[in-house]
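How does the following fold in three dimensions:
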Amino acid sequence: MTKAVAVADIAQTPLERLVVAAREAPANAYLLVGASGQTLLAARALATSLMAGSGDGPDGESLDGVEGNPEAREIEASGEIETRRRSAVSRGVHPDCVEIEPAGSSAYLMSQVQDEILLHGQRRPLEASRKVILLTEAEALTPDVASTLLKTLEEPGSATTFILCAQDETVILDTIVSRCVTVTVPPLSYEAAGEYLASQLNQLVPGQIGESETGSPVGAGAASDYASLVRATGSLEFAQMLAADARWLQRRIYWLTVPARLAQESVYDLAQEVNADFDQAADELKSQQAAEKDELASYMGEAVTGKKKSVVGARTRNSALSGLEEKHKRAQRAQAILQRRYFLATLAGWYRDVFAVLTGAEVLNPEADAQLRENATNIGVNGAVRAIDILHSHGEALAGYANAQFVVEDALLELKYVAAGEGGYR
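Alright, predicted model coming up:
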C-alpha cells in the first residue's frame, strides 16, 4: 500500500507548522515563496487544511446538517466529505478554493479584481468551513491592482483567506507582503518529488494498464518513474499534469521503441502514428475535464455536506464555471507542448543509453536494452551525441511555442539519418 505523503513532505518543517497553526487560527493572507509548481501544490494542501470541516452556505445557514441527521453524521464520520474535498482542491476544481491566474499576457487585470477576486472574496463558502482565494502568480500584481487589494487582504470576509504564490517576493509591493504570513517553500530533489507524485497519483490511477516488456506494471508508476518525469519536464507542476494521464507510463514505453524503428520505417508514417498518440492523449484530457466541469457544477448545484441543498447565485455559478473553462483551455495548450517535450526528452534518454552501451556506462532504460544493443554499433558514439543535440534543440523550439507538430516531425526526420548511421544533418 502506498504511504500517503503529508504537506510536510512537500514543503517540510516551515509549512508543516503553518498548516497546523492555520487550522487553529487562520491568518487573513499567506504568501508562499518558492518554485512555481511546488508553491501551487503546497498552496492547495494549505487550502485543504484551512477548509477542513463544514461551514455556512451562501445564505448564512449552517450546511452541517449533522445534529439530528443520522445520515449526515455517518457521512461526516466516514471521512467521505474530506476525501472528496481534498481530491477536488488538489485538481483545482473545488468552488471554495478559487484559483486565479493572470488574465493578461503577464499581469492581473483590474477587471479581474472586480469580477473575480473581490466577488469571490465577498461570498461565503459553499461547502467547506472557509473560502480560499489563491493567486497563482503574485509577481503579476501590478501596483494599481495590488493597491486595490490592500484593504481586502487586510480585512477579508470572516470566512475567507487569501493565499498568494510567488517565486520572488522582492518584486511584490511591500504593502502586500506586510499583510501576509510569508513562508518559504524549499526546493525538492527529483527523488523527493518522485516520491510525492507516486504517493498522490497512484491513488488516482484506476487500476493497472497492461505490463511492460519486463513485466512491470504500467499505469501506476514507481517513484523513480515520476522522478524521471520531473527531471524531463523541469517542473513538479508539469510532471503532475502529464502523469494525471493514466496511460503516461505506457506511452513512455511506446516512445522508447521509436528510435529503433526509424532505421526501417517511413518517417512520415511514424510521425503520423506518434501524433495520433498525442491526439488520443488530448481527447482523454478533454474527457477528464468534462468530468471535472460536471463535478464543479454538482458542487454549485447543491452543498453535499449534510445532504442539504444550497442555492447558488447565477453570477457566482457562471463565474466559477467560466473560470474552470479558461483553466481547461490553458491546460490543453500546455499539454500539447508538454507531451511533445517529454517525448523528445524520452528519445534523448534512449540515445544517452546508446552512448552508455558503447562506453560501458549504466543504462537508464533497461526495458529497451535489447533494442539499444542491437542499434548501438550502427549509430555510434558520434551519432548518439548528434541525436541528443538534435532533440535538445527541438525541445528548445517547443519551449518557444513553435508549431508543435512540425517540431516533432522535423526532429524525427533528422534522427532518420542518425538511425541510418549517417550522424544526422551536418
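
average model confidence for stretch 181-192?
Throughout stretch 181-192, pLDDT has a mean value of 83.

Could I have the CA atoms of that stretch written out in PDB?
In PDB, the C-alpha atoms belonging to stretch 181-192 read as follows (Å, rounded to 0.1, in the frame of the first residue of the first chain):
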ATOM      1  CA  VAL A 181       2.200  35.400   6.600                       C
ATOM      2  CA  THR A 182       5.300  34.600   4.500                       C
ATOM      3  CA  VAL A 183       6.700  31.100   4.300                       C
ATOM      4  CA  THR A 184       9.500  29.800   2.000                       C
ATOM      5  CA  VAL A 185       8.800  26.500   0.300                       C
ATOM      6  CA  PRO A 186      12.200  24.800   0.000                       C
ATOM      7  CA  PRO A 187      13.100  23.100  -3.300                       C
ATOM      8  CA  LEU A 188      12.600  19.400  -3.600                       C
ATOM      9  CA  SER A 189      15.100  16.900  -5.000                       C
ATOM     10  CA  TYR A 190      14.000  14.900  -8.000                       C
ATOM     11  CA  GLU A 191      13.800  11.800  -5.800                       C
ATOM     12  CA  ALA A 192      11.600  13.500  -3.200                       C
END
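
Buried residues in that stretch, which are they?
182, 183, 185, 188, 190, 192 (16 or more other Cβ atoms under 10 Å). In short, each C-beta sits where N, CA and C put it, glycine included.

gap between the fifth one and residue 366?
So the one you mean is residue 190. 19 Å (Cβ to Cβ, to the nearest Å).

returning to what we had before: now, the buried residues of stretch 181-192 that are in helices?
Mapping those onto helices (DSSP state H) picks out 190, 192.

any chance you could map the strands in the protein?
For the chain, applying DSSP state E gives strands covering 29-33, 97-100, 131-135, 160-166, 181-184.

who are the neighbours in contact with residue 232?
239, 341, 342, 345, 346, 349 (Cβ atoms under 8 Å, 6 or more residues apart in numbering).

next one: residue 328
So residue 328 contacts 289, 292, 293 (Cβ under 8 Å, 6+ apart).

what's near enough to touch the last one?
Read that as residue 293. So residue 293 contacts 321, 324, 325, 328 (Cβ under 8 Å, 6+ apart).

so where is the protein shaky, pLDDT-wise?
1-22, 53-79, 104-105, 200-221, 300-316, 401-402, 421-426 (pLDDT under 70).

what's the spacing between residue 247 and residue 339?
11 Å.

all helices for the stretch 251-400 of the chain, in order.
Along the stretch 251-400 of the chain, the segments classed as helices by DSSP state H, counting those that start in this stretch run 258-261, 267-301, 314-359, 369-399.

and the shortest one, what does it pack onto?
Okay, so that is helix 258-261. helix 267-301, helix 314-359, helix 369-399, helix 404-419 (3 or more Cβ pairs under 8 Å, 6 or more residues apart in numbering; DSSP states H and E).

how about a markdown table for those, with distance to residue 177 added?
Output for those, formatted as a markdown table (distance: least, Cβ to Cβ, whole Å):
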| stretch | distance to residue 177 |
| --- | --- |
| helix 267-301 | 32 |
| helix 314-359 | 26 |
| helix 369-399 | 31 |
| helix 404-419 | 38 |
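
Show me the one of those helices that comes nearest residue 165.
helix 314-359 (15.0 Å; Cβ to Cβ).

still on that earlier bit, could you dump the strands of the chain to TSV with distance to residue 395?
TSV is the format used below for the strands of the chain (distance: least, Cβ to Cβ, whole Å):
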stretch	distance to residue 395
strand 29-33	28
strand 97-100	28
strand 131-135	30
strand 160-166	26
strand 181-184	30
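
follow-up on the earlier one: what's the most buried one of the helices of the stretch 251-400 of the chain?
Most buried of the helices of the stretch 251-400 of the chain by mean neighbour count (mean count of other Cβ atoms under 10 Å) is helix 258-261; its value is a mean of 20.

Out of the helices of the stretch 251-400 of the chain, which gets nearest to residue 141?
helix 314-359 (17.8 Å).

What distance do you get for residue 317 to residue 24?
With Cβ to Cβ as the criterion, residue 317 and residue 24 are 32 Å apart.

ok so, going back, tabulate the contacts of residue 293 in TSV, adding columns for distance to residue 334.
Formatted as TSV, the contacts of residue 293 follow (distance: Cβ to Cβ, whole Å):
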residue	distance to residue 334
321	20
324	15
325	15
328	11
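
what sits against the residue lying closest to residue 233 once chain neighbours are set aside?
Nearest residue to residue 233 in three dimensions, chain neighbours excluded: residue 239, at 4.9 Å (Cβ to Cβ, 6 or more residues apart in numbering). Counting by Cβ under 8 Å, 6+ apart, residue 239 touches 37, 193, 197, 226, 229, 230, 232, 233.

7 Å instead?
By Cβ atoms under 7 Å, 6 or more residues apart in numbering, the residues touching residue 239 are 197, 226, 229, 230, 233.

Tell me, how many residues neighbour the fourth one?
Each residue near residue 230 was counted by other Cβ atoms under 10 Å, and the total is 26.

pretty sure it is touching residue 190, no?
Yes. Judged on Cβ atoms under 7 Å, residue 230 makes contact with residue 190 at a distance of 5.3 Å.

of the buried residues of stretch 181-192, closest to residue 378?
Checking the buried residues of stretch 181-192 against residue 378 with Cβ to Cβ, the nearest one is residue 190 at 32.1 Å.

do you know how far that closest one is from residue 227?
On the measure of Cβ to Cβ, residue 190 and residue 227 end up 5 Å apart.

now residue 293
Residue 293 is 32 Å from residue 227, by Cβ to Cβ.

same check, this time on residue 336
Distance from residue 336 to residue 227, by Cβ to Cβ: 24 Å.
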